[in-house]
Structure formats: C-alpha cells, structure tokens
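Enquirer: Structural data only, the sequence is not supplied:
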C-alpha cells in the first residue's frame, strides 16, 4: 500500500514563493516516479512536474519551467516542489502522484497512487 500526503500549501501574493512537499509511505518509494499535478476550480487537472525514480529525468510543464523545481530525497521519502514567481492563475489544489513504472510522464493515466491535495492560493 502506498500513501501520499501533500503539505506546504497556503496563501501567497503574486510573485511570491511556496514550497510543497509530498511524503510517500511504502518500502519501494525509491522505485516510483513522482509527479505533481494541479486542478483549478472548473478546470481539468493539469501536469506540473515529474521526476523519475532515479532523479535523473525531470519534466516540467512549459508554463512552470524556470520557476518551479522538483527534487526527491529517497532517504526521507519526500518529493519537494519549490514554486517561485507564482501567478494568480496558478491558484489550484496541488496533488502529488506515484507511478510504479518509475519513468515519470506527464500523463495522469500512468499514476496509480494519489494524495489528497493541498490548496495553493495566489492573490493578485
């Protein structure tokens, strides 16, 4: 059984920063790719960033490149997402998800396990 718990969400002004964290339980955490997705009210869920099991492959949505950074700490079973220069349109619930296949992609269909989400609100 794999469980994911997000933390670090909150309120920030436009241009500010937040650091989300995804804590993953399970003995095989180091074999999973982990991704972050977000869903704004009335919109479909969208891909934000992903990191492969080894950490050697990292993917970002074009909209966040240069501002967001995903990493992983396999010793602590956590995957942080550093978000800088946040924009009001990035207000959403942010979810982390685990892909047992390990490679990491932008397709949510590849992710078998999901957290409950953490709210990020960016005010203008």
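Expert: Structure received. It should be emphasised that the depicted structure is a prediction, and the values quoted were computed from it without experimental measurement.
Enquirer: This protein: strands as residue ranges?
Expert: Under the criterion DSSP state E, strands of the chain are mapped to 3-7, 10-13, 18-25, 33-39, 46-51, 58-60, 68-70, 78-83, 92-99, 113-114, 118-123.
Enquirer: Neighbouring strands - and their directions - for the third one?
Expert: Each strand that pairs with strand 18-25, with its direction, by DSSP bridges: strand 3-7 (antiparallel), strand 78-83 (antiparallel).
Enquirer: If you count neighbours, what's buried in it?
Expert: Along strand 18-25, the positions that meet the burial threshold by neighbour count (16 or more other C-beta atoms under 10 Å) are 18, 20-24. Quick note: C-beta positions are derived from backbone N, CA and C, even for glycine.
Enquirer: farthest pair in those residues?
Expert: Largest separation among those by C-beta to C-beta: 18 and 24, giving 19.5 Å.
Enquirer: out of the buried residues of strand 18-25, which one sits closest to residue 79?
Expert: Using C-beta to C-beta, residue 22 is the member of these that lies nearest residue 79, at 4.3 Å.
Enquirer: Disregarding flanking residues, what is the spatial nearest neighbour of the closest one?
Expert: Distances taken as C-beta to C-beta, 6 or more residues apart in numbering place residue 96 nearest to residue 22, at 3.4 Å, with adjacent residues excluded.
Enquirer: got it, and residue 29?
Expert: In space, residue 29 comes closest to residue 77 once its chain neighbours are excluded; the distance is 4.6 Å by C-beta to C-beta, 6+ apart.
Enquirer: residues contacting that neighbour?
Expert: Contacts of residue 77 were listed using C-beta atoms under 8 Å, 6 or more residues apart in numbering, and they are 23-26, 29.
Enquirer: And the furthest pair within the residues you listed?
Expert: For those, with distances taken as C-beta to C-beta, the pair at the greatest spread is 23 and 26 (10.7 Å).
Enquirer: The residue nearest the centre of the chain - nearest residue in space that isn't next to it in sequence?
Expert: With the centre of the chain defined as its mean C-alpha position, the nearest residue by C-alpha atoms, centre = their mean is residue 36, 2.2 Å away. Using C-beta to C-beta, 6+ apart and skipping residues adjacent in sequence, the residue nearest residue 36 is residue 48, 4.2 Å away.
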